[in-house]
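Novice: Give the three-dimensional model of this entry:
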Amino acid sequence: MATNPVRGIVVFSGGSAANSLVDVFNAVRKNKNCPLSYIIPISDNGGSSSELIRVFGGPGIGDVRSRLVRLIPDCPTNLELAGIKAFFNYRLPPAADAAHDEWYSIVEGTSPLWKSITPAKRELIRSFLNHLNLEILKRARPPSSTFDFTSASVGNLFLTGARLFSGSFESAIYLLGSICSVPLEDVRVTPAINSNFSHHISASLADGTVIVGQNSISHPSETTALQPVRRRPSLLLADGEDFSSESDDLSYEDSHLPGSLPTLRNKNINFTKSAVEELPSRISRVWYINPYGQEIRPPANPRVLEALRSSQAIIYSIGSLYTSIIPSIILRGVGQAISTCPARYKILILNGSLDRETGPSTHPYTASDFVEAIVRAGEESRGRGRGLQKLNGTVAIPESHAPVKSAPQGSTPGLSLPHTAYVTHVIHLEGPATPRVDRERLNEMGIECVRVYGRKVESPSGEVVGMTYDSTALTQALEVVLGKRGDAMVRGTLGEKSRRNTMESMAGK
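Specialist: A predicted model of the protein is given here:
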């Protein structure tokens with residue numbers, strides 16, 4: 001007699017921020033004895049990913065690599081696993097000559113980084129790095145165009161080499177996961193789009209400004225990332241003439257790639273995640289663009305839809321709202337899969353601080369603003385987001401799309417689905433610099449709130465800049481929501497000692 005497969009947990013996340021919660025999600029997975037799927041966007045175009053995209057095209061792989069390496073099992077007695085983690089996390093020096101020399105010591109097998117890695121795995125890894133090196137040499141056109149190795153991630157270089165060799169991004173992910181001993185039968189790292197091509201995003205602000213490229217939206221290297229809306233954006237036209245970009249020191253062939261946006265062809269886009277300039281107004285919408293800058297609606301990776309349709313819970317992790325979470329939700333098929341899947345629990349883990357994407361400081365996001373952004377993205381994925389607007393602080397869609405029958409409980413008038421089709425619970429911290437949790441508005445949406453214990457995050461000057469989740473408290477809160485723990489624990493009055501190790505309150509307390 002056939003048994004029904006165990007339904008899994010799906011986590012929408014980016015890279016670095018959510019890496020801090022990997023142990024939490026793994027603990028919940030083990031307690032529920034179910035598979036765990038991470039859905040990772042591929043629109044990252046900053047850092048060393050920008051150079052790989054410039055030379056080879058292809059998806060932004062930094063967040064995928066970051067999650068795979070973070071999932072390497074911790075085993076103090078296994079020196080090879082520690083060596084592999086260090087190897088794939090390693091970045092080449094920031095000086096060009098030193099980076100070039102170190103790269104060749106790696107591909108030649110003489111680098112100290114190989115010390116703890118067994119010969120069999122070393123030669124397997126080297127074969128793909130040498131394949132990439134050959135492709136780099138084939139594309140070099142010195143002195144005008146050469147590959148920039150400065151601060152390059154060795155893991156990103158390996159994934160690119162494996163993708164070019166196999167012709168498959170997911171095959172490259174499988175290879176890296178296998179080498180890193182990631183338990184792929186239990187934990188899956190799934191790119192939001194399965195593609196060998198680049199997929200960039202743009203964002204529009206409420207004041208009409210348009211920003212091109214994920215890095216410029218989230219962590220710009222220059223203030224010139226902002227572009228006022230024009231009838232025609234800054235593009236390289238199909239005939240090779242640059243509409244509005246300045247000439248640079250590249251050859252004509254390299255600086256006039258067919259259809260390439262000038263803002264997306266910079267070498268090795270460097271950025272910092274501290275002291276980032278505020279956006280002049282809120283982000284109103286994010287969308288994908290083709291190489292000509294035109295809007296496109298790519299479909300989601302079929303494995304993403306499969307994971308959602310067989311899920312018992314969906315979690316929106318911490319991270320950049322509009323560049324880590326939203327790019328996966330707006331893909332065709334995702335909104336429908338989230339809103340109709342069997343998952344009873346759709347949990348938003350609210351960030352412990354506000355960032356460039358959820359400001360500006362004069363009008364910071366509240367918890368309900370995070371929820372509404374996710375709902376708008378889901379509705380846009382379903383083809384209902386064009387013209388989706390904020391009316392009196394609520395989400396609405398044009399009347400032509402509105403349902404004839406009265407809106408269900410917990411919904412906003414004019415919205416085709418209740419908010420709880422996308423978010424049922426909000427887990428949050430409370431403290432300095434955290435997003436304000438507007439409980440009354442969330443209650444109107446039908447969304448429950450869970451406050452958990454966290455720790456203050458201080459800047460070097462001692463200023464409190466946010467809060468960070470306590471792993472034990474967050475794990476227990478997720479288990480409460482998912483039904484692992486009893487109602488008495490939810491509703492009971494917790495003592496001070498217990499409060500520091502688990503959730504502090506639920507909605508309505």
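
Novice: Let me know the next secondary structure element after the one helix or strand in the chain whose mean pLDDT sits lowest.
Specialist: Of all the helices and strands that make up the chain, strand 394-396 has the lowest average by mean pLDDT, DSSP states H and E, namely a mean of 34. Downstream of strand 394-396, the first helix or strand assigned by DSSP states H and E is strand 425-428.

Novice: Direction included, what does that following strand pair up with?
Specialist: According to DSSP bridges, strand 425-428 has the following sheet partners: strand 345-349 (parallel), strand 448-452 (parallel).

Novice: isn't there a helix covering residue 59?
Specialist: No: in this structure, residue 59 is coil, not part of a helix, as judged by DSSP: H, G, I helix; E, B strand; the rest coil.

Novice: what about it, how many neighbours?
Specialist: 29 (other CB atoms under 10 Å). Just so you know, the C-beta spots here come from the backbone N, C-alpha and C atoms, and that holds for glycine as well.

Novice: Next: residue 87.
Specialist: Residues contacting residue 87 under the criterion other CB under 10 Å number 24.

Novice: mind listing what the residue lying closest to it once chain neighbours are set aside touches?
Specialist: With sequence-adjacent residues excluded and distances taken as CB to CB, 6 or more residues apart in numbering, residue 87 is closest to residue 113, at 5.1 Å. If a contact means CB atoms under 8 Å, 6 or more residues apart in numbering, then residue 113 has 83, 86-87, 90, 106, 154 as its contacts.

Novice: try residue 373
Specialist: Under the criterion of CB under 8 Å, 6+ apart, the contact list for residue 373 reads 321-322, 326, 365.

Novice: Out of the residues you listed, list just those in helices.
Specialist: The members of the contacts of residue 373 that map onto helices under DSSP state H are residue 326.

Novice: Who wins on neighbours among the contacts of residue 373?
Specialist: When neighbours are counted by other CB under 10 Å, residue 326 leads the contacts of residue 373 with 28 neighbours.

Novice: can you list the contacts of residue 373 in TSV and add pLDDT and distance to residue 292?
Specialist: Putting the contacts of residue 373 into TSV (pLDDT from 0 to 100; distance: CB to CB, whole Å) gives the following:
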residue	pLDDT	distance to residue 292
321	96	27
322	97	22
326	98	22
365	96	32
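
Novice: Which one of the contacts of residue 373 is nearest to residue 456?
Specialist: Taking CB to CB as the measure, residue 456 sits nearest to residue 365 out of these, at 20.2 Å.

Novice: Surely that closest one touches residue 353?
Specialist: No: under the contact definition of CB atoms under 8 Å, residue 365 does not touch residue 353, with a separation of 11.0 Å.

Novice: which residues are common contacts for those two?
Specialist: residue 435.

Novice: circling back: pLDDT score assigned to the residue nearest to residue 87?
Specialist: Residue 113 is assigned a pLDDT of 97 by the prediction.

Novice: How about residue 397?
Specialist: You'll see residue 397 listed with a pLDDT of 33.

Novice: ok, back up a step: now distance to residue 370, mean pLDDT and mean neighbour count too, for the strands paired with strand 425-428, in CSV please.
Specialist: Below are these laid out as CSV (distance: least, CB to CB, whole Å; pLDDT from 0 to 100; neighbours: other CB atoms under 10 Å):
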stretch, distance to residue 370, mean pLDDT, mean neighbour count
strand 345-349, 6, 98, 23
strand 448-452, 12, 97, 23
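
Novice: Now render those strands as a markdown table, adding distance to residue 68.
Specialist: What follows is the strands paired with strand 425-428, written out as a markdown table (distance: least, CB to CB, whole Å):
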| stretch | distance to residue 68 |
| --- | --- |
| strand 345-349 | 21 |
| strand 448-452 | 28 |
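
Novice: For residue 50, find the nearest of those.
Specialist: For the strands paired with strand 425-428, the distance to residue 50 is smallest for strand 345-349, at 28.8 Å, taking CB to CB.

Novice: ok, back up a step: residue 179: which of the strands paired with strand 425-428 is closest?
Specialist: Closest approach to residue 179 among these (CB to CB): strand 345-349, 30.0 Å.

Novice: contact partners of the closest one?
Specialist: Under CB under 8 Å, 6+ apart, the answer for strand 345-349 is 21, 312-318, 338, 367, 370-371, 374, 420-428, 469, 474, 478, 481-482.

Novice: Same question for stretch 17-27.
Specialist: When contacts are taken as CB under 8 Å, 6+ apart, the neighbours of stretch 17-27 outside the stretch itself are 9, 11, 36, 66-67, 70-71, 187, 315, 317-320, 324, 349, 351, 468-469, 471, 474-475, 478.

Novice: Keeping just the C-alphas, turn it into PDB.
Specialist: Provided in PDB are the C-alpha atoms of stretch 17-27 (Å, rounded to 0.1, in the frame of the first residue of the first chain):
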ATOM      1  CA  ALA A  17      21.500  37.300   6.100                       C
ATOM      2  CA  ALA A  18      19.600  34.000   6.200                       C
ATOM      3  CA  ASN A  19      22.800  32.000   6.600                       C
ATOM      4  CA  SER A  20      22.600  32.900  10.300                       C
ATOM      5  CA  LEU A  21      19.300  30.900  10.600                       C
ATOM      6  CA  VAL A  22      20.400  27.800   8.800                       C
ATOM      7  CA  ASP A  23      20.800  25.900  12.100                       C
ATOM      8  CA  VAL A  24      17.300  27.000  13.200                       C
ATOM      9  CA  PHE A  25      15.700  25.700  10.000                       C
ATOM     10  CA  ASN A  26      17.700  22.500  10.200                       C
ATOM     11  CA  ALA A  27      16.500  21.900  13.800                       C
END
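
Novice: Give the rounded mean pLDDT of stretch 434-441.
Specialist: Within the predicted structure, the mean pLDDT of stretch 434-441 is 96.

Novice: for that stretch, which positions count as buried?
Specialist: Taking 16 or more other CB atoms under 10 Å as the neighbour-count basis, stretch 434-441 is seen to contain the buried residues 434-435, 437-439, 441.

Novice: do stretch 82-91 as well
Specialist: Of the residues in stretch 82-91, 83-85, 87-88, 91 count as buried by neighbour count, 16+ other CB under 10 Å.

Novice: Name the residues that touch it?
Specialist: 48, 65, 68-69, 72, 75-76, 113-117, 121, 125, 151-155, 158, 176, 179-181.

Novice: Apply 6 Å and report the result again.
Specialist: Counting contacts by CB atoms under 6 Å, 6 or more residues apart in numbering, the residues outside stretch 82-91 that touch it are 69, 72, 113, 116-117, 151, 153-155, 180.

Novice: out of the residues you listed, which is most surrounded?
Specialist: residue 155 (25 neighbours).

Novice: hmm, back to that, which among the contacts of stretch 17-27 count as buried?
Specialist: Of all the contacts of stretch 17-27 considered here, the ones buried according to neighbour count by 16+ other CB under 10 Å are 9, 11, 36, 66-67, 70-71, 187, 315, 317-320, 324, 349, 351, 469, 474-475, 478.
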